[in-house]
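>>> next comes the sequence, and after it the predicted model I'd like to discuss.
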Amino acid sequence: GKGMDYFNELNQGLKAKNIDYGNVRLFTFTKAEQFAGSEGKKWAARALLKISKELDAQALFMLDGDISLGQDWVKSFVEPVLKGEADIASPVYLRLYSSDDAAISDLVFQPLLAVTYGLRLREPLAGDYGIRNTLFDALLNDDETWLSSTWLESRLHSVVVKAGKKEVEVAAGQKIHKANTFDQVMDRFDTYVKILFDDLAKDNELWRSRSIDMNNILVNGPPPFSQEVMNQRAASDRVDITEEMKNGLIEAYGIGTKRLSNAEWVVVLASALNRYIEAKTEGNKESIRKDLKRQYIIRLVTFTEEIKGLTLADLQNKVDEEIVELHKVLRVSPRRERASTSGNAKEIFALLLETEPRIRELARPELGTYKGRTVLQHTELVRDFEYGLDKARGDISAQRQIIAGRKDSTLSEPLDENEIDKV
């Protein structure tokens, strides 16, 4: 059709200018009926993989169409895969919180990919890759990648892991990308989290059975710039959220003075993922994502305040700290071990207060400390705790069943093992 007309016109034009372009091979592909819905970048990526396979190419370099190509990018991305050092090369570059996906990469994707699939990637939502021919079939044969409505980049890494392939990072400086508005960046949260959580739910047994070597996880690949530059440049060069943007989030989400520390955030994140995996309906999953977004915004606001005066190197160290803490909560599961060995109501409710930050906000009890941890000090402990659970979970009848018959509980009354499991 028009494509062939254009090619013939180009051919005639070259001949008219006496340009010898050699022996050019032309391939045409129709969309397979199964993937007829694919379009845009996803369709282009599939076509490029098929063309590369047809040509017996050793490697494919794929990049976003709306960027400025960095110096030496072709060599940086392609060299490690051509040398057989990896099956795919991913970039490490400087991206911005205000107009790109850097925030959700740092606070959600980096930590979760590290402690689940064991992948240490600092730009897991990048759109630029060097791909070795050893990975072509695995990508082409993963029908869900092409049939789903999700973006290619978000699923790519789980495919690599399940195919048993190796991924490495390459330094790529600063990415000059088509700018998005801050609102557009924030609106992507639900889409990205749905993709990641759906994958982790589907692969739940796979990643839980994998052992994670945290020593290897915390060995960073090459920084986007020299270490000297990383030690000098301000963290705000990446976390570039202005006071106006921050105040807009505080107002829009009714955050006020609420803040989430790193330790609190990883508990929220792990809890959301575990509840998502167990959720039975799409409505429940959507509710979990919606609730997580507000907590994410609170953590993002907190994070922008924490990095003031820090460098880019310090910023990466803070992300590393989140990975370590998330590994403790999600993989080591210390709170489950403690709960199963304690028969004291004060201990049990202290654990629940730690794992559900919203309960502290909503139950409105008088708070005190016990063994260095926050606990409810009311003598009518269960009444207030029930109110908090009702509000936090929105499921009054289920929560009343959990604490049925315990209206007169005191702080020291023990719970038996069956009741502990219910709680």
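Yep, it's here.
>>> before we move on, which element is Glu85 in?
If you go by DSSP states H and E, Glu85 is not part of any helix or strand.
>>> and the pLDDT at the closest residue to it other than its chain neighbours?
Using C-beta to C-beta, 6 or more residues apart in numbering and skipping residues adjacent in sequence, the residue nearest Glu85 is Val168, 6.3 Å away. Backbone N, C-alpha and C define where each C-beta goes, glycine included. As predicted, Val168 sits at a pLDDT of 91.
>>> quick check: bridge partners of Val168?
Note on Val168: beta-bridge partners by DSSP bridges are Ala89.
>>> so what's it up against?
Pro80, Glu85, Ala86, Ile88, Ala89, Ser90, Gly221 (C-beta atoms under 8 Å, 6 or more residues apart in numbering).
>>> could I get those as CSV with distance to Glu321, neighbour count and pLDDT?
CSV is the format used below for those (distance: C-beta to C-beta, whole Å; neighbours: other C-beta atoms under 10 Å; pLDDT from 0 to 100):
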residue, distance to Glu321, neighbour count, pLDDT
Pro80, 28, 21, 94
Glu85, 29, 12, 93
Ala86, 27, 21, 94
Ile88, 27, 27, 95
Ala89, 27, 26, 94
Ser90, 22, 25, 92
Gly221, 18, 13, 72
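>>> out of the residues you listed, who's nearest Asn133?
Nearest to Asn133 among these: Ile88, at 11.1 Å, using C-beta to C-beta.
>>> ok, Thr116 - contacts?
Thr116 makes contacts with Leu200, Asp203, Trp207, Arg210, Leu330, as judged by C-beta under 8 Å, 6+ apart.
>>> buried subset of those residues?
Leu200, Asp203, Trp207, Leu330 (16 or more other C-beta atoms under 10 Å).
>>> same list (these) but as JSON lines, adding secondary structure.
Converted to JSON lines, the buried ones among the contacts of Thr116 look like this (DSSP: H, G, I helix; E, B strand; the rest coil):
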{"residue": "Leu200", "secondary structure": "helix"}
{"residue": "Asp203", "secondary structure": "coil"}
{"residue": "Trp207", "secondary structure": "helix"}
{"residue": "Leu330", "secondary structure": "helix"}
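>>> biggest helix in this structure by residues?
Among the segments of the chain that qualify as a helix by DSSP state H, the longest is helix 282-306.
>>> which one of the buried ones among the contacts of Thr116 is nearest Lys258?
The closest of the buried ones among the contacts of Thr116, once distances to Lys258 are taken by C-beta to C-beta, is Leu330, at 23.4 Å.
>>> related to what we said a few turns ago, between the helix or strand that comes right after the longest helix of the chain and helix 282-306, how big is the angle?
Note on helix 282-306: by DSSP H and E, the next helix or strand toward the C-terminus is helix 312-327. Here helix 312-327 points in a direction 140 degrees away from that of helix 282-306 (axes from the mean of the first three to the mean of the last three C-alpha atoms, to 10 degrees).
>>> quick one: the strands in the stretch 151-300 of the chain, in order.
Listed in chain order, the strands of the stretch 151-300 of the chain (DSSP state E, counting those that start in this stretch) span 167-174, 176-177.
>>> any figure for the gap between the residue nearest to Glu85 and Val160?
11 Å (C-beta to C-beta, to the nearest Å).
>>> and for these two, which residues touch both?
By the contact definition C-beta under 8 Å, 6+ apart, Val168 and Val160 are jointly contacted by Ile88.
>>> could you list the low-pLDDT ranges of the stretch 201-350 of the chain?
Applying pLDDT under 70 to the stretch 201-350 of the chain flags residues 220, 332-350.
>>> residues contacting the residue nearest in space to the middle of the chain?
With distances taken as C-alpha atoms, centre = their mean, the residue of the chain nearest its centroid is Phe109 (2.0 Å). By C-beta under 8 Å, 6+ apart, the contact list for Phe109 reads Leu121, Pro124, Leu125, Tyr192, Leu196.
>>> make TSV out of these and add neighbour count, distance to Ser271 and pLDDT.
Below are the contacts of Phe109 laid out as TSV (neighbours: other C-beta atoms under 10 Å; distance: C-beta to C-beta, whole Å; pLDDT from 0 to 100):
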residue	neighbour count	distance to Ser271	pLDDT
Leu121	22	24	89
Pro124	24	22	88
Leu125	23	23	87
Tyr192	21	19	91
Leu196	25	15	92
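>>> may I ask which two of the residues you listed are separated the most?
Using C-beta to C-beta, the contacts of Phe109 span at most 14.2 Å, a distance reached by Leu121 and Tyr192.
>>> on that earlier part again, for the contacts of Phe109, which one is nearest Ser226?
Ranked by distance to Ser226 (C-beta to C-beta), the contacts of Phe109 are led by Leu121 at 20.6 Å.
>>> contacts for the longest helix of the chain, please.
For helix 282-306, contacts defined as C-beta under 8 Å, 6+ apart pick out 97, 103-104, 107-108, 186, 189-190, 193-194, 197, 239, 241, 246, 249-250, 253, 255, 258-261, 265, 268-269, 272, 275-276, 279, 318, 357.
>>> if we go to 7 Å?
Outside helix 282-306, the residues that touch it by C-beta atoms under 7 Å, 6 or more residues apart in numbering are 103, 107, 189-190, 193-194, 239, 241, 246, 249-250, 253, 255, 258-260, 265, 268, 272, 275-276, 279.
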